[in-house]
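S.K.: the following block contains a protein sequence and its predicted model.
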Amino acid sequence: MTEKGQILNRIRQALKTNAPHPGHHAPAQVKNPGGSHHTPSPGEPRNWLPKVGESVEEHRTLFARNAAELKADFHWLDSLEDARKLLNDMASREVWQKVATHAGECTSPLCSTLPCKVLTLSPGYDRNELESCNAGISECDFLVAQTGTVALTNQSAGGRALSVLPPHHIVLARKHQLLPDLPAAFAGLRKKYGDNFPSMISLITGPSRTGDIERILVLGAHGPKKLTILAF
Amino acid sequence: MSFASEFMDRARVVASNLRHRQIIRTALGNYEMARDRRKATYQDWQGARQLAAETKWEAINHLDHYLLDFSNRLEARGTKVHWASNASQARDIILSIVQQKQARSVIKSKAMTAEEIHLNEALEKAGLKVVESDLGELIVQLRRETPYHIVFPSMHLTREEISALFEKELGSAPTLDPEELTMIARRVLRGKYLTADIGITGGNFAVAETGMVSITENEGNARLTAALPKTMITLLGIEKIIPRLDDLALFLPMLATMGAGQALTGYNTLYGGPRQPGELDGPEEWHVVLLDNHRTELLADGEQRDALHCIRCGACLNVCPIFRNVGGHTYGTTYSGPIGSVITPHLRGLQDWKHLSGASSLCGACTETCPVKIDLHHHLLQNRRNAAQERPDNLEEAAFGVFGWFTRRPAAWKTVRSILQKIQPLTRRFQKKPWHPAKPWTQTRDLPVLPSESFRDWWKNRPKTSKHD
């Protein structure tokens, strides 16, 4: 028999004994509830997780508060033109030589007017060149108010490396991409991709961080030191 | 020397080390504040715990079904799934992939299962250069130590020690600024990500429904490990299964809350395959190694099966008075603290590791804090019972037999008591002697003095007063 068969066999043998149901610790008396086991509905964690409010305004405020706590830079802007102005200001303030991005409906128009070199990633790109960029500019799938999270995939955000290799990650989002909570984000991903998920989905909550030295927070452990989120 | 006496020796040294105590107290004090502040934002933390426990119960009690779903879906998208019954098989699988790729360097993100199977030693013996990319793991790797804690591997070290270590091992200039120290590691590791042939990761959750591995981290090192090398290998214990993608909406925040008091950990990333057609980058090959290594034996123990619900948040270590006093390295195990004391006897043998079940005050703080409601402190008692049933301690049984005989005979009891009371000035003189039979107890405590009058005598002779006094 294959190793797989043997392991599955051992599991099936082991499961012939019943285990007490969670919350009961008198072993022998409690039997498995068997088929009557309760399967949670996708929204069920909502009953227990932190409250997020109903309106978009509440979600925006919550996202902004979470972003501030995470030391991420969050801007809620009126138009794409405002985003352009902000990006161009940032480019001169941080003296960008070169930034990396991917082709997209927000990235393409905004990056074309940047006052620096722009590397648009395509298959077979030079990772050393990406590493030398001052910033990575990407789109995303959703913003999650509950936790101040950016949800993106390698399909929406220019592959696996763009959002972690350069020292500054800039996320471009449309306002309608702001969702209340994690259950909504997973529902949104299902709706968007159906059965054909991209090979990477990443929930990014703040810039890269570590507390491994005396539990003191340091930003930019391996990934970006700065995370900027522009919603317009 | 037995594992038990090694444990005792190390515990004695660490518990009286005031500096160690100070470091741990500061670190865990801060953790507790952050955790409690975060827990308070939940509408109902107990409700969340119950749902998490039920979800893991469902996964573990239908493990064969969910594991098959998981592996079929991974394979459908081009991932190679391997099954390993034990540590040596897992090492061999990984070594053969590495050799087939003619790899020279490996970049690794944090994986306790890799510690469990001693993967780094095996890879290094085969001539590979292995670099740990998590900052805490890198620090303990450079010190040639095992992780001190499953979530905070370098919690026991000060910035002075880390600076000296980096100076010696990486040739950096001394600094006491945690940020500068972090940047030294960042610079060193950048080059490694770009040149490593193989990336090895662990995983926090295996989603059966969609065939995905979820990896939780703060630093971005696992993201880079899964993005840049041509070949990616992920080592997972078979108990990591959760049924549905949506279950993560509960588990990810709970893991972050109990692990480090965060709303959500910096990066929670789901991988469903190697680079797919049309994708920009990512590994060409992805190998997922599913590890049993005695987990099915724990599964067969219905009473303690819920120990497989563990999501490795480390919360039970953080609240454990024993862990806080003796520290992580004293255990001499991959998994320390209450969860380690429960599962190590199953993973490595009950008789060799039963002493860990005694390293508990049975206060129940672990059970109370566990986000998936593992009945930890009762499992410690069950391990004690199982160990005694399997190999009875004849001397102890005889001692209790004698004690029982006397307690059933009041006259004999009274005689013995009065003799003991008379000779106690003599016996008390020897209680600190190294040959004293009750030495483990008397070394750090004084035997209480037997009062001249027993309770029964006092009761009989007490002045009679009225009921209402």
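M.R.: Yes, it's here.

S.K.: only C-alpha atoms from now on, for both contacts and neighbour counts.
M.R.: Fine.

S.K.: excluding chain neighbours, what is closest to the one residue in the stretch 301-450 of chain B that gets nearest to chain A?
M.R.: Of all residues in the stretch 301-450 of chain B, the one sitting closest to chain A is B:G302 (4.3 Å; C-alpha to the nearest C-alpha). Once flanking residues are discounted, B:G302 sits nearest to A:A19: 4.3 Å by C-alpha to C-alpha, 6 or more residues apart in numbering or on different chains.

S.K.: can you count the residues close to the one you found?
M.R.: A:A19 has 26 neighbouring residues, counting by other C-alpha atoms under 10 Å in any protein chain shown.

S.K.: what pairs with the residue most central in space within chain A across the strands?
M.R.: Among the residues of chain A, the one closest to the centroid is A:L203, at 2.1 Å (C-alpha atoms, centre = their mean). Applying DSSP bridges to A:L203 gives these bridge partners: A:A151, B:N268.

S.K.: dump the residue contacts of it.
M.R.: Contact analysis of A:L203 by C-alpha atoms under 8 Å, 6 or more residues apart in numbering or on different chains lists A:149-152, B:266-269.

S.K.: where along the stretch 301-450 of chain B do the strands fall?
M.R.: Here the stretch 301-450 of chain B has no strands by DSSP state E, counting those that start in this stretch.

S.K.: what parts of it come near chain A?
M.R.: B:301-306, B:373, B:375 (C-alpha under 8 Å from any C-alpha of the partner chain).

S.K.: if you set the cut-off to 7 Å instead, what comes out?
M.R.: B:302-303, B:305, B:373, B:375 (C-alpha under 7 Å from any C-alpha of the partner chain).

S.K.: which residues of the stretch 101-250 of chain B lie near chain A?
M.R.: Residues of the stretch 101-250 of chain B lying near chain A (C-alpha under 7 Å from any C-alpha): B:135-136, B:152, B:154-155, B:158-159, B:178-179, B:182, B:186, B:218-221, B:224, B:227, B:246, B:249-250.

S.K.: what helix or strand does the nearest residue to B:L157 once chain neighbours are set aside sit in?
M.R.: Leaving aside its sequence neighbours, B:L157 sits nearest to A:E214 (C-alpha to C-alpha, 6+ apart; 7.1 Å). A:E214 belongs to no helix or strand when assigned by DSSP states H and E.

S.K.: can you pull the pLDDT of A:E214?
M.R.: Per-residue confidence at A:E214 stands at 91 (pLDDT).

S.K.: now the phi/psi pair for it, please.
M.R.: Main-chain dihedrals, A:E214, degrees, to the nearest 10: phi 50, psi 30.

S.K.: repeat for B:S452
M.R.: Residue torsions, per degrees, to the nearest 10, at B:S452 are phi -70, psi -30.

S.K.: neighbours around it, how many?
M.R.: There are 12 residues near B:S452, going by other C-alpha under 10 Å.

S.K.: separation between the most centrally placed residue in chain B and B:L270?
M.R.: The residue lying closest to the centre of chain B (C-alpha atoms, centre = their mean) is B:Y335, at 3.1 Å. Between B:Y335 and B:L270 the computed distance is 25 Å (C-alpha to C-alpha, to the nearest Å).

S.K.: cool, B:A260 as well?
M.R.: Applying C-alpha to C-alpha to B:A260 and B:L270 gives a distance of 20 Å.

S.K.: kindly report the same for A:P115.
M.R.: Taking C-alpha to C-alpha, one finds A:P115 at 35 Å from B:L270.

S.K.: A:K192 too?
M.R.: 16 Å.

S.K.: repeat for B:M232
M.R.: 14 Å.

S.K.: one more: B:G328?
M.R.: 30 Å.

S.K.: which stretches of the chain have low pLDDT?
M.R.: Just going to use chain A. Counting by pLDDT under 70, the ranges of chain A that qualify are A:24-38.

S.K.: please go with chain B instead
M.R.: Within chain B, the stretches with pLDDT under 70 are B:466-469.

S.K.: in the stretch 301-450 of chain B, which spans are helices?
M.R.: Assigned by DSSP state H, counting those that start in this stretch, the helices in the stretch 301-450 of chain B fall at B:315-319, B:321-326, B:337-348, B:350-353, B:355-358, B:365-369, B:376-390, B:394-407, B:410-429, B:439-442.

S.K.: just the ones you listed: most buried one?
M.R.: helix B:315-319 (a mean of 26; mean count of other C-alpha atoms under 10 Å in any protein chain shown).

S.K.: show me what contacts B:I200?
M.R.: B:107-109, B:232-234 (C-alpha atoms under 7 Å, 6 or more residues apart in numbering or on different chains).

S.K.: most neighbours among those, which one is it?
M.R.: B:K108 (30 neighbours).

S.K.: for chain A, see how far away B:A52 is.
M.R.: Separation of B:A52 from chain A (C-alpha to the nearest C-alpha, to the nearest Å): 9 Å.

S.K.: please apply the same query to B:N293.
M.R.: 10 Å.

S.K.: what's the neighbour count on the nearest residue to that residue once chain neighbours are set aside?
M.R.: Excluding its sequence neighbours, the residue lying closest to B:N293 (C-alpha to C-alpha, 6+ apart) is B:N86, at 4.1 Å. Neighbourhood size, B:N86 [other C-alpha under 10 Å]: 15.

S.K.: same deal with A:T17?
M.R.: Per other C-alpha under 10 Å, the neighbour tally for A:T17 reads 16.

S.K.: again with A:K225
M.R.: 20.

S.K.: one step back: can you verify my assumption that the residue nearest to B:G302 contacts B:E303?
M.R.: Yes. Counting by C-alpha atoms under 7 Å, A:A19 touches B:E303, with 6.0 Å between them.

S.K.: give me the common contacts of these two.
M.R.: With C-alpha under 7 Å, 6+ apart, A:A19 and B:E303 have no common neighbours.

S.K.: surely B:T234 forms part of a helix?
M.R.: No. Checked against DSSP: H, G, I helix; E, B strand; the rest coil, B:T234 lies outside a helix; its state is strand.

S.K.: so how far is A:M200 from it?
M.R.: 14 Å.

S.K.: so which of the contacts of B:I200 is the closest to chain A?
M.R.: B:S109 (11.5 Å).

S.K.: ok, that closest one to B:I139 distance?
M.R.: B:S109 is 13 Å from B:I139, by C-alpha to C-alpha.

S.K.: do A:D141 as well
M.R.: A:D141 is 36 Å from B:I139, by C-alpha to C-alpha.

S.K.: cool, and B:Q443?
M.R.: 37 Å.

S.K.: more crowded one of those two?
M.R.: Remark: of B:Q443 and B:I139, B:I139 carries more neighbours, 26 against 14, as counted by other C-alpha under 10 Å.

S.K.: name the element that one belongs to?
M.R.: Using DSSP H and E, B:I139 falls in helix B:135-142.

S.K.: which stretches in the stretch 1-150 of chain B count as helices?
M.R.: So, for the stretch 1-150 of chain B - with DSSP H, counting those that start in this stretch - the helices run B:3-15, B:18-39, B:45-61, B:63-76, B:87-100, B:112-116, B:119-125, B:135-142.

S.K.: show residues contacting the fifth one.
M.R.: Surrounding helix B:87-100, the residues in contact under the criterion C-alpha under 7 Å, 6+ apart are B:84, B:117, B:119, B:122-123, B:291, B:293.

S.K.: ranges for the strands of chain A?
M.R.: Ranges of strands within chain A are A:73-76, A:98-101, A:117-120, A:135-139, A:142-144, A:149-153, A:168-173, A:178-179, A:200-204, A:209-210, A:218-219, A:226-231, based on DSSP state E.

S.K.: so in that sheet, which strands flank the second one, and in what orientation?
M.R.: According to DSSP bridges, the neighbouring strands of strand A:98-101, each with its direction, are strand A:117-120 (parallel), strand A:135-139 (parallel).

S.K.: possible to save those as JSON lines with distance to B:R25 and mean neighbour count?
M.R.: Formatted as JSON lines, these follow (distance: least, C-alpha to C-alpha, whole Å; neighbours: other C-alpha atoms under 10 Å in any protein chain shown):
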{"stretch": "strand A:117-120", "distance to B:R25": "48", "mean neighbour count": "18"}
{"stretch": "strand A:135-139", "distance to B:R25": "39", "mean neighbour count": "28"}
